[in-house]
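[1] sequence plus predicted model, see below.
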Amino acid sequence: MNKAKIVTCQAPVNIAVIKYWGKRNDELILPINDSISASLCLDHMCAKTTIIASPDFKETKFWLNGELQPTDNRRLQNCLKEMKKRANSNLECLKWHLNICSENNFPTAAGLASSAAGYACLVYALSQIYEIKTNISSIARIGSGSACRSVFGGWVRWYKGETYEGSDSVAEQVAPETHWPEMRVLILVVDDQKKTYSSTSGMKTSVETSEFLQYRAAKIVPQRIEDMVDAIKNKNFQKFAQLTMQDSNQFHSVCLDTYPPCFYLNDTSRTIIELVHHYNQFKGEIKVAYTFDAGPNACLYLLEENVSEVVEMINYVFPPKPTIMSNYFKGIDISITTPDEKLISSVSNFQQTEGKLKYIIYTKVGRGPRVLEKSEEHLLTESGMPKH
């Protein structure tokens, strides 16, 4: 193993505020519209990947969350192939097999963009092994579409592109993670199990059957994208929040217009939506915005000054089971204040039974992928086997 190369990286989850739903080319994963997202803090939600390239390995192996995976996966192979194409052909390690180990510190396939973080991390780690310095978002895209947004931090736009081969379907940063320091994110985990309808199959059916999807992509999203970029750059929370909620609602309307329909929201999701609108009306202006990807879990965008009150309200409406309190709040420490009695009284009709939420992650907009330098952070031993 003396000549082996080893690298460990982390890459962030990204949560879209203007949604990607539907492909114009399934093989190349080319979207039918632009999208915009925020990359979340690596300390709280991320994928972590270790890759070892060694002349001693007889085959390439890949472990995901501790389980050995088949390496003939088309998307994995496409990423490996494209990364090697971009590398200097004189690199000796191009001829070597790889051992790859990847883990998520949040639920996989539950509608929290696990594949986006995973493929962004894989491609970023490969770029370190193969010494590639160019924009790798188009390669992350062929692993998982929205992964192209997770190769950047902050606020990121994925351009749908116009070319047939997808060379211009890339992601670019709209603003860095330092641009809007007051912005915070609350992830309300309603269900951490694998979802019923995969995003891939849902998108395919939507493209084939939903006329609303085609209208949305052609007539609504182009202007909405420009409005969202403007709202982010000018830190206009009112505009940002309204656009975010409208686009989330429209995305799920497309899912209902799909035949047969895809149901990603559940009763708890819908109660969260009603609660957010009630809270904003109570405050007299928009203080918090919800968005839901292809799953029941809510992502709330809000400013730091409103976090304590919103969390207290959520705790009242969705009381956690006492037995899970020690591990209920994850991420940034939350300082809970005494709730406004009028607010609590106004939401009494929304109150649910204990345990509707599994846990809450409090986080913020964060940086893009990074390399972890310490050897104890590697997921593989020197011999190439998973530590866990």
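    Arrived safely, thanks for sending. For clarity, every value in this text was computed on a predicted model and none was experimentally measured.
[2] and L300, that one's in a strand?
    Yes - per DSSP: H, G, I helix; E, B strand; the rest coil, L300 lies within a strand segment.
[3] that one contacts V310, correct?
    Yes - if you go by C-beta atoms under 8 Å, L300 and V310 touch, sitting 7.1 Å apart. Using the backbone N, CA and C atoms, a C-beta is placed for each residue, glycine as well.
[4] who has more neighbours, those two?
    Neighbours per residue (other C-beta atoms under 10 Å) separate L300 from V310, with L300 holding more: 24 against 20.
[5] just give the nearest non-adjacent residue to the more buried one, would you?
    Using C-beta to C-beta, 6 or more residues apart in numbering and skipping the chain neighbours, the partner closest in space to L300 is L186 (4.2 Å).
[6] ok, now how distant is that neighbour from N105?
    17 Å (C-beta to C-beta, to the nearest Å).
[7] who's more crowded, those two?
    L186 (22 against 15).
[8] which strand residues bridge that one?
    Note on L186: beta-bridge partners by DSSP bridges are L300, Y362.
[9] what do you get for K48?
    The partner residues for K48, given DSSP bridges, come to Q10, E103.
[10] just to revisit the earlier point, what's the overlap in contacts for L300 and V310?
    186, 288 (C-beta atoms under 8 Å, 6 or more residues apart in numbering).
[11] can you pull out the helices in the stretch 101-250 of the chain?
    Along the stretch 101-250 of the chain, the stretches classed as helices by DSSP state H, counting those that start in this stretch are 114-129, 137-143, 199-209, 211-215, 221-233, 237-257.
[12] ok so, going back, the residue nearest to L300: what's it in contact with?
    298-300, 302, 307, 310-311, 314, 360-363.
[13] now render the residues you listed as TSV, adding distance to Y328 and pLDDT.
    What follows is the contacts of L186, written out as TSV (distance: C-beta to C-beta, whole Å; pLDDT from 0 to 100):
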residue	distance to Y328	pLDDT
A298	15	96
C299	18	97
L300	16	98
L302	19	98
V307	16	97
V310	16	97
V311	11	96
I314	11	97
I360	7	95
I361	10	95
Y362	11	97
T363	15	97
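[14] hang on, the earlier thing: now the helices of the stretch 101-250 of the chain as a markdown table including mean neighbour count?
    As requested, the helices of the stretch 101-250 of the chain are arranged in a markdown table below (neighbours: other C-beta atoms under 10 Å):
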| stretch | mean neighbour count |
| --- | --- |
| helix 114-129 | 27 |
| helix 137-143 | 26 |
| helix 199-209 | 18 |
| helix 211-215 | 16 |
| helix 221-233 | 17 |
| helix 237-257 | 20 |
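[15] any idea how far stretch 360-369 is from the chain center?
    On the basis of C-alpha atoms, centre = their mean, to the nearest Å, stretch 360-369 is displaced by 10 Å from the centre of the chain it belongs to.
[16] which parts of it are buried?
    360-369 (16 or more other C-beta atoms under 10 Å).
[17] could those residues go into CSV alongside distance to I273?
    Putting the buried residues of stretch 360-369 into CSV (distance: C-beta to C-beta, whole Å) gives the following:
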residue, distance to I273
I360, 17
I361, 19
Y362, 20
T363, 21
K364, 23
V365, 22
G366, 26
R367, 30
G368, 30
P369, 32
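[18] just give me the closest of those to P339.
    P339 lies nearest to I360 out of the buried residues of stretch 360-369, by C-beta to C-beta, at 16.0 Å.
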